[in-house]
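Novice: predicted coordinates and the sequence they were generated for:
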Amino acid sequence: MSARKARTEAAAAAASADSEEKDVKIPVEAADEATEATENAQGAQSAEAPQADAAAEASGGDTASVDDSTTGMTEEEMIEAAIRAGEEAAENDFKLKYEQASSELVDVRRQLSEAEEALKAADARSREAQDRVQRLQADWENFRRRTAQERLAEQSRATEKLVSALLPVIDDMERAIAHARTQELDDSFSQFVDGVDAVHTKMLDVFAHEGVEVIDPKGEAFDPLEHQAVGRVEDSDQFDETVNDVYQKGYRMGGRVLRSAMVTVTYGGAKRPAPEEDTSAGDDGAQADATESEASEQ
C-alpha cells in the first residue's frame, strides 16, 4: 500500500509540475484548461486508489496464505509433493492414452472381423462360381457329344432306310441275272446281262462304301441272330444245324442287321465241335476292358 501511495503522489507531483510549466509557457485561457485536466486526472487517481488498495490487500492475503503453507513444508516434502503431482499427471495422461488405444483396438478388431467375413463370403461365391462353370462345361461337353451321336445316328438311320428300300431291287437284279445265266443267250443279250451284272456289282460297292455287308452264310453254322430258318434238310454228311441253302441274302450295317438271311438248316449229322478260344483275343479284350474301366474312373 505504501508503494502504491508513493507512486500516486509522484504522479500527482509530476502532473503539478507539468501544470506549472504550462502556466509559464501558455496564455491564461490555456492555463484554465490545463488546470481542469489536472484536477480530472487527480480525481481519477483518487477513485482508483481504494480499488488498488483492496486488490493489494487481497493479493497480500493470498501470498500470505501461500507463504504460510510453504513455510510449513521442508524442501524434501516439497520435492515429494512435486513428484506425486507429476506421477498423478503422468498416470492420468497414461489412462487417457490407454483408453484411446483400447477404443482404437476395438475398432480395428471390428473392421478385421468384418473383412474376414467379407473374405469368407467372397471365397464362397468364388467356389460356387467355379462349380457352376465346371458343371456348365460338363453339360456342354455332354450336350455336344450327345448331339454328335444323335447326328451320326440320324445319318445312319437315313442311310439304313435308303439301303433297306434298295434291297428288294438288288434281290430282283440278282434273280434276273441268275435266271439269264441259265438260258442260252446270243452274244448281244449276253453282253446286256453282263452290263446288268456290272451295275449290280457297282451297287454292292456303294453299299460296302457305306458300311453295308452282305450276309451269305452257305455252309456256315446257323446263327439265329442273323439267319432266318425257313426249312430243315436231313443231311448226315454235314454238321448238325448247318446252313444248307440260302434263299435270300441278308445284310448288316454298322453291326446292326438290316435284314436276316433266309436259309435252310441241316439236321441228322454230327454235332459241330465247340470253337477253340482265341487266347490272344481274350487278352486283347481284357486289356480293352481295363482301359475302359480306367477311362470311366477318370
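Specialist: Alright, I've got the coordinates. Residues are numbered from 1 along each chain as shown.
Novice: and residue 237, that's in a strand?
Specialist: No: using DSSP: H, G, I helix; E, B strand; the rest coil, the secondary structure at residue 237 is coil, not a strand.
Novice: how far away is it from residue 208?
Specialist: 34 Å (CB to CB, to the nearest Å). In short, each C-beta sits where N, CA and C put it, glycine included.
Novice: could I get the full set of helices for the protein?
Specialist: With DSSP state H as the definition, the chain shows helices at residue ranges 2-25, 28-71, 75-181, 187-209, 279-297.
Novice: residue 269: neighbouring residues, count only.
Specialist: Using other CB atoms under 10 Å, residue 269 is surrounded by 15 other residues.
Novice: per-residue confidence at residue 44?
Specialist: According to the per-residue confidence, residue 44 scores 44 in pLDDT.
Novice: residues in contact with stretch 151-164?
Specialist: By CB atoms under 8 Å, 6 or more residues apart in numbering, the residues outside stretch 151-164 that reach it are 207, 210, 212, 251, 253, 254, 256, 258, 259.
Novice: bridge partners for the fifth one, pull those for me.
Specialist: On the basis of DSSP bridges, residue 253 is bridged to residue 212, residue 256.
Novice: just give me the neighbour total for it.
Specialist: For residue 253, the count of nearby residues is 18 (other CB under 10 Å).
Novice: before we move on, what about the first one?
Specialist: Around residue 207 sit 19 other residues, with neighbours defined as other CB under 10 Å.
Novice: could you do the third one as well?
Specialist: In terms of burial, residue 212 registers 19 neighbours under the definition other CB under 10 Å.
Novice: for it, what are its contacts?
Specialist: With contacts taken as CB under 8 Å, 6+ apart, residue 212 has the following neighbours: 163, 251, 252, 253, 258.
Novice: among those residues, which one has the most neighbours?
Specialist: Scoring the contacts of residue 212 on neighbours with other CB under 10 Å, the highest-scoring entry is residue 251 at 23 neighbours.
Novice: tell me how far the closest residue to that one other than its chain neighbours lies from residue 203.
Specialist: With CB to CB, 6 or more residues apart in numbering as the criterion, residue 251 has its nearest non-adjacent residue at 4.5 Å, and that residue is residue 258. As for residue 258, its distance to residue 203 is 15 Å (criterion: CB to CB).
Novice: mind giving me the domain split of this structure?
Specialist: Domain assignment of the chain by automatic domain parsing yields the ranges 2-59, 213-274.
Novice: by mean pLDDT, show me the worst of the ones you listed.
Specialist: Ranked by mean pLDDT, these bottom out at domain 2-59, which scores a mean of 45.
Novice: count of residues packed around residue 260?
Specialist: By other CB under 10 Å, 19 other residues sit near residue 260.
Novice: so it is in contact with residue 217, correct?
Specialist: No: in this structure residue 260 lies outside contact range of residue 217 using CB atoms under 8 Å: 10.0 Å.
Novice: quick one: common contacting residues for the two?
Specialist: Each of 226, 227, 250 lies in contact with both residue 260 and residue 217 under the rule CB under 8 Å, 6+ apart.
Novice: return the member of the residues you listed nearest to residue 142.
Specialist: residue 226 (34.0 Å; CB to CB).
Novice: might one say that that closest one is in contact with residue 214?
Specialist: No: using CB under 8 Å, residue 226 makes no contact with residue 214, being 11.3 Å away.
Novice: between the two, which one's more packed in?
Specialist: Shown here are residue 226 and residue 214; by other CB under 10 Å, residue 226 has more neighbours (17 against 13).
Novice: distance of that one from residue 252?
Specialist: The value you get for residue 226 to residue 252, if CB to CB is used, is 7 Å.
Novice: what of residue 89?
Specialist: 108 Å.
Novice: next: residue 152.
Specialist: Going from residue 152 to residue 252 by CB to CB gives 17 Å.
Novice: do residue 145 as well
Specialist: For residue 145, the distance to residue 252 (CB to CB) stands at 26 Å.
Novice: and what of residue 125?
Specialist: Per CB to CB, residue 125 is found 56 Å from residue 252.
Novice: ok, now residue 122?
Specialist: 60 Å.
Novice: again, but for residue 184
Specialist: As for residue 184, its distance to residue 252 is 37 Å (criterion: CB to CB).
Novice: kindly report the same for residue 77.
Specialist: When distances are taken as CB to CB, residue 77 and residue 252 turn out to be 124 Å apart.
Novice: what do you get for residue 173?
Specialist: 20 Å.
Novice: run a quick neighbour tally on residue 242.
Specialist: Residue neighbour count, defined by other CB under 10 Å, stands at 22 for residue 242.
Novice: who is it paired with across the strands?
Specialist: Under DSSP bridges, the beta-bridge partners of residue 242 are residue 221.
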